[in-house]
Each structure stands twice: as C-alpha cells, then as structure tokens.
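Undergrad: Predicted model and sequence follow; I will ask about them next.
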Amino acid sequence: MIAQRSIEQVLDTAQIEEVVGDFVSLKRRGTNLIGLCPFHNEKSPSFNVSPARGIYKCFGCGEGGNSLRFIMQHEKLSYPEAIRYLARKYQIELEEDRSNESNSEEKQERESLLLLNEWACKFMETQLHETEHGKAVGLSYFVERGFSEETIRKFRLGILPEAWNAMSEQAQKEEYLPEYLVKTGLSIQRDDGSLYDRFRNRVMFPIENISGKVIGFGGRILGNDKKQAKYVNSPESEVYNKSAVLYGIFHARKSISDRNEALLVEGYTDVISLHQAGIENVVASSGTSLTQDQIKIIRRLTPNVTILYDGDAAGIKASFRGLDMILEQGMNVKIVLFPDGEDPDSFARKNTPTFVREYIQAEARNFIEFKTSVLTDEAGTDPIKRAGMIREIIASLALIPDPMLRSLYLRECARKVDMEEQLLVFELNKQLNAKRDKAFRNNSPELKAQPLPEAPPDLFTDDVPQTQVYKAEAQERDIIRILIRYANEHIYFEVEDENGEKSNLAYRVGDFMLSELEADALVPEHPLHRKVYDLFLSSGEEDFPGEQKFFNHLDEAISQLAIDLCSERHNLSVLWQEMHQIYVASEADKLKKLVLEAIYSYKLRHVLHMIRVVQEQINKMDSEDVNGLDLALQELMLLQEAKRELSGKLSYVVL
C-alpha cells in the first residue's frame, strides 16, 4: 500500500497541463488551456484545463477531475496504478505503507494481462540480444533492414525461439496463469489443454498504447513459407483493440503535438525507419484499414494529417475511404506519394534524413489535388466517367463540416476539373440535402433533440402536494461553491462604537456563512451538499479546507462536485486590461455582495416554502376553528414580512 505522504507528494508535484498535454493538444485561452476532449467525440474544443487550480473539465460530456483522475479515466487504471504512473513520470520514489496492506494477491484481469505482456516483451528482447538463435536470425534480420542497435532497443524489438512452447513453458514456470497466456493471445491452447506459442520463430514488434504500456504484438515470419501468414498480430483482448490503437503513438505523441502534424503510414517498419531518420511524428494503422477510433487518437494531438503512400494504384484507391473518414472529422489531410517501387521504409533507408523530410514537405498535396489527379487519369476523356469522378469528389467535399473550408476546396475543384463553380455548388447542395433527408428518414441521432436533464430531486416535501414543492438545490449549490472557493477569504462590515466612531470588522467567509445558516437552523438537504457542509462544520477553529482538498478528496462524489462547481467555462483575457485598459471586476472583487446574495437567496427560498406550507394548511382548516385560523394567519403575516425584507435586500420583487 502506498504511504499517504507519497500520494500527497505525487498530487502536489503533478502539473495538470503536463499530464493532460501528454495525450491532448492544448492551446492557451486566457488563463486556461483548451483542447478536444479525449473522453467523447467532438469537433469544437470544450475540454478546459485550469493550471492554476490543477483541474480539467469538459463542458461537452461533463467529465472533470485532477491529474490523478485524468490518468485513471484515460488509461483505465486503478487508483494505486495511476499514482504509480504519475510517480514514474515525475521520478518520485514511492514509500510503501505495509501496516494496512491486504493479504489478498488477487489482481484485476486487465492489470494481469498488462503485466504478462510486459514480461513477454522482455522475454522476446532477451531472446534477441542474448541467445545464439536470436543474434544469428533475428538481430541479423533487423540489421539488414538498416535498424541501428539504438533503434532496435527503442522499439523493443525481439524474437521467439523455434521451439513450439518455449515462452509458454517459461511463463508458467514464473507462475503466470495459462488462462492469461491464452487471453493475451501469446499462447494457443490445444484440445488436450497444453499450450504452444502463437508467435514461435518470428521477429516481434511490441505494440504500445499512448502511455507506453505493451498491449499486443505483431510477429513477422522469417523465411518464405507460403503456408504461413507473413504477419500475425495478437487477437483482440481486454487490453488490445486493434482498431483503437496506432503503432508508434507512444514515441510519436510529443513530436506530433510539437509539429502540429501527424504522418500516417501502413506498417511497423515504415514507422521505425522514419523514426531512425529523425522523423518522429509518424504512426501506422498496423496493417488494418484506418478506423474512426484511430483518427480520434490523432485528432486529440493535431488536426493535421499527412498520409504517406507507396505508388501502388490499388492501395491508393483503397485509401479513399480513409481520406473521407479524416475529412468527416473536420481535419486537414494531405497526401504524399513515393516513387514507383518505394515505400516509406525503403525511401528512408536509401536517402538522408534531410532529403526525406524535404521530399515529404515538397510532395505533400491536398486531398482535392490528389484525388482529382488519380480519378482524372482513370476517367480519361470519357464524359460519363468524368461526371462520375466529379460526383465522387463532391461526395468527399460534402463530408467536410466547415462550410468555409468546403467552399475553398470547391473553388479549387472547379479549377482543377475546368467546370463552372456554380454547377459544382448545385451538385454539392444536392448531396448535402440528400444526406440530411437520409438522416431524417433513419431517425438519425444527429437530428434528435437533446434530452432534457433530469429534474433535481424534491428536497423539501414535508407532505406538501407535488404542485406545492419548490427546489432549493440551486441555492445550496451556490453556497457550497462559495464555501469551497472562498471559505478562508475575508469580507468586511462597517461597525460603529458607542462614541460614533466607525471601523471595519473582518469576518472569514466560512465563519460568516456558517453562523448565518446556524442562526436560522438551516442545513443543506441534498445528501452530497450536506457531506461537504459537515466538513466545514468539523474544521473547528483551524483554517477551512481549501479547494485543492476537495479536488483531491478520496470520496469521488465530493471531488467531482467540487470540480463541477469551481470550473469556469469562460475566462477573460488579460488583454482587456493590458491593451485596452478595460478592467472587469472578478468574482473575488465583489465577494461580500456574492456571499450576502447567496445567503439571502437561500433564506428566501425557505421562507417561500414555509408560506406555501401555511397557505396549504389554511386551505384545509375548518372555518369554525377560529383560534387555529387566527394563529395561521399571524404566522403567514410574519412570513410575508420576512419575504419583503429579504426581497428588499436582494433588490428584486417576488410575486
């Protein structure tokens, strides 16, 4: 068990912008940073990171938290795993607290599979570098491909022996469970229950996720055995989903973000050779057709993709679907074709790194130029084929969500195919209308009205009919928010002594609000609000807990509430004051007014509720009960007076 002081050290050290920045491309907006949310699909950034508070909040899907929660959510890690992840990132040595450690050695299945994959990767590396077979067969193959020792170790390349069950047997000797060997796909089970190695006698390419964990493997056969597949990949598992991972993303993520561009290739060796040539912002779809999930991974780091193809015509035509998927995500896509007979791997090995980079930059063409060129060559002068070609290009344009970008591409397309722009506009509108009609007929979720949020729970029933119940949750949330953010700040009240001399008396916000509520015996009714309120009550004479205590609270519901309440979607740019000399008062500048309004609004809600209760009682009273009716009317008059007083303090009229 990790010692509490080590956990606190990790939480204090971790910088939210650095942690999130490893996975999401962030841009500064005012004092905060924004980017595309990694937890849901969006085209306009609503993911907000506050370095000052150490929290993130997505105003699209509602996800929010601190550095630790981000790693837990994004990497699907448990609490201790996430702490260890951040400790490794910031090179913090964790202290173990053995006093409360559980005797149970059971691990979650996902963690067990990841541990087994890591062990297997090390086993394969050892076989490559320390055995005769590995050096003679595997290492010589990689060297022939032009890979340096540094590159081989960087990508953790390896090999498995010729023996049928060398790795499976060793894994079981080291007490890895057979069921996990099968689930990871490292082993295959025979009918008699025995295991053999899926990747025997293959050179191995470990597949890492964006955080560097080994989640699967690709194995290439050595030799020319036509009966065996050239490449074999790990099967789908709890940790490996081939359609949701890009080979090389762990090594490429920083370069992609820094250069604001991702290069997309097809195979493992394409990635490795380009990395060795100093071009590190490159990833591969690992032999599968490009998927939406893979595109989303790139889009979180950059909106710009350049696809690198060899000159194979069949491959180029097959790439059109991937092109359209990228366009549909609102991304900018370019294409580079290598000379006939060359692919990124061979081209990078034959030329200097400088020449390779300059070639990619010089040969990159936007998708209109590329697609028009390919389809024009195919259509020739046949009018029917040319009309089909234009419709196919327009179909791609119809996928682009940005109308301005779509219009610019349309103009370029008209110039390329030598047609009037208005004709293409007509065809584009026809396709867009057909797309909308189809979506409508299919009752597309895109056209469905967003469901209304669930109504908050009824907090004050007191046996009053449903029509009489009011909700005070909004006022409670405001009070809790002010306590979390400003409990230790001071507000000042002017007082006058017996001699008529005036002075300012300071109150802590927390002390003032708690005493005001206690004076009227008011406490939050919502269970979660009450939990937070009780934490302030129990703090005694010491400082009230600050917002960071709530952001990092072990109770996830409290942590999430604090982050939701304190996250600001919009913040003013410093340029208002620095360049335009326009000063806009912040919430802290008018703290006293904020506190008083929150208290008075909350009290007014209770008074209104009590008025309704008394009115309901009067309606039910027997007309002959003169004494009871008189007392109820007196109570109603007092409540109406309290309503007028509170309304006056709030400067608005309550009907």
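TA: Received, thanks. Numbering: from 1, shown residues only.

Undergrad: contacts, neighbours, all on C-alpha from now
TA: Fine.

Undergrad: bridging residues for the residue lying closest to His275 once chain neighbours are set aside?
TA: Closest residue in space to His275, ignoring its immediate chain neighbours: Val282 at 7.4 Å, by CA to CA, 6 or more residues apart in numbering. Counting by DSSP bridges, Val282 is bridged to Leu263.

Undergrad: Give me the neighbour count for Val282.
TA: Residues near Val282, counting by other CA atoms under 10 Å, number 28.

Undergrad: Please tell me how far it sits from Glu518.
TA: Counting by CA to CA, to the nearest Å, the gap from Val282 to Glu518 is 62 Å.

Undergrad: returning to what we had before: my guess is the residue nearest to His275 contacts Ala252. True?
TA: Yes. Between Val282 and Ala252 a contact is recorded at 5.9 Å, counting by CA atoms under 8 Å.

Undergrad: shared neighbours, these two?
TA: Here Val282 and Ala252 have no joint contacts, going by CA atoms under 8 Å, 6 or more residues apart in numbering.

Undergrad: Can you report how many residues lie near Glu633?
TA: Residue 633: Leu, not Glu. Leu633: 15 neighbours (other CA under 10 Å).

Undergrad: ok, residues contacting the helix or strand where it lies?
TA: Using DSSP states H and E, Leu633 falls within helix 626-650. For helix 626-650, the external contacting residues (CA under 8 Å, 6+ apart) are 597, 600-601, 603-604, 607-608, 610-611, 614-615, 617-618, 621, 623, 653-654.

Undergrad: Now it: buried residues?
TA: Across helix 626-650, burial judged by 16 or more other CA atoms under 10 Å covers Leu629, Ala632, Leu636, Leu639, Gln640, Ala642, Lys643, Arg644, Leu646, Ser647, Leu650.

Undergrad: Could you do stretch 292-312 as well?
TA: Those buried within stretch 292-312 under the rule 16+ other CA under 10 Å are 292-311.

Undergrad: Narrow those residues to those in strands?
TA: The strands, defined by DSSP state E, take in Asn304, Val305, Thr306, Ile307, Leu308, Tyr309 from these.

Undergrad: quick one, what contacts the fourth one?
TA: By CA under 8 Å, 6+ apart, the contact list for Ile307 reads Leu263, Leu264, Val265, Val333, Lys334, Ile335, Val336.

Undergrad: Quick check: the first one touching Val282?
TA: Yes. Contact between Leu263 and Val282 holds when scored by CA under 8 Å: they sit 4.5 Å apart.

Undergrad: if I look at Val333, how far off is Leu26?
TA: For Val333 relative to Leu26 (CA to CA), the value is 20 Å.

Undergrad: er, Ser255 I mean
TA: Going from Ser255 to Leu26 by CA to CA gives 14 Å.

Undergrad: before we move on, what about Ala229?
TA: 42 Å.

Undergrad: which one of these two has more residues nearby?
TA: The neighbour comparison of Ala229 against Leu26 (other CA under 10 Å) goes to Leu26, with 24 against 11.

Undergrad: Nearest residue to the more buried one in space, please, no chain neighbours.
TA: Gly35 (4.8 Å).

Undergrad: Of all the residues in stretch 187-201, which ones are buried?
TA: Under the neighbour-count criterion of 16+ other CA under 10 Å, stretch 187-201 has Ser187, Ile188, Gln189, Leu195, Tyr196, Asp197, Arg198, Phe199, Arg200, Asn201 buried.

Undergrad: shouldn't the third one be in contact with Asp197?
TA: So the one you mean is Gln189. No. Using CA under 8 Å, Gln189 is not in contact with Asp197, being 9.1 Å away.

Undergrad: Any regions of this protein where pLDDT drops low?
TA: Within the chain, the segments meeting pLDDT under 70 span 97-107, 287, 311-315, 317-318, 439-472, 497, 540-542, 570-586, 651-655.

Undergrad: quick one, longest helix in this protein?
TA: helix 591-620 (DSSP state H).

Undergrad: Domains in this protein, by residue range?
TA: 4-89, 110-240, 249-441, 466-650 (automatic domain parsing).

Undergrad: export these to TSV and tack on distance to Glu96?
TA: Listed next are these as TSV, based on distance: least, CA to CA, whole Å:
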stretch	distance to Glu96
domain 4-89	8
domain 110-240	19
domain 249-441	29
domain 466-650	18
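
Undergrad: Which among the ones you listed is found nearest to Glu95?
TA: The stretch from these with the least distance to Glu95 (CA to CA) is domain 4-89; that distance is 6.0 Å.

Undergrad: Please compute how far the closest one lies from its chain's middle.
TA: Mean-position distance between domain 4-89 and its chain equals 8 Å (CA atoms, centre = their mean, to the nearest Å).

Undergrad: Straight-line length of that domain, end to end?
TA: One end of domain 4-89 to the other measures 18 Å (CA to CA).

Undergrad: repeat for stretch 42-49
TA: End-to-end distance for stretch 42-49, by CA to CA: 16 Å.

Undergrad: Could you pull out the buried residues of it?
TA: Going by neighbour count (16+ other CA under 10 Å), the buried part of stretch 42-49 is Glu42, Lys43, Pro45, Ser46, Phe47, Asn48, Val49.

Undergrad: Is the third one within a helix or a strand, and which one?
TA: By that I understand Pro45. Under the criterion DSSP H and E, no helix or strand holds Pro45.

Undergrad: Contact partners for the nearest residue to it once chain neighbours are set aside?
TA: Spatial nearest neighbour of Pro45, excluding adjacent residues (CA to CA, 6+ apart): Leu36 at 4.5 Å. Contacts of Leu36 were listed using CA under 8 Å, 6+ apart, and they are Val24, Ser25, Glu42, Lys43, Ser44, Pro45, Ser46, Phe47, Arg299, Arg300.

Undergrad: Give the closest residue to the fifth one in space, chain neighbours not counted.
TA: Yep, that's Ser44 we're talking about. Closest to Ser44 by CA to CA, 6+ apart is Leu36, at 6.9 Å.

Undergrad: any idea how far Ala284 is from that neighbour?
TA: Distance of Leu36 to Ala284, computed by CA to CA: 22 Å.

Undergrad: Over to Lys592?
TA: Note on Lys592: its distance to Ala284, by CA to CA, is 57 Å.

Undergrad: With neighbour numbers in mind, choose between these two.
TA: Using other CA under 10 Å as the criterion, Lys592 and Ala284 rank with Ala284 on top: 25 against 16.

Undergrad: Look up phi and psi at that one.
TA: phi -130, psi 150 (degrees, to the nearest 10).

Undergrad: what's the helix or strand for the closest residue to Ile279 other than its chain neighbours?
TA: Closest residue in space to Ile279, ignoring its immediate chain neighbours: Arg357 at 7.2 Å, by CA to CA, 6+ apart. Using DSSP H and E, Arg357 maps to helix 353-363.
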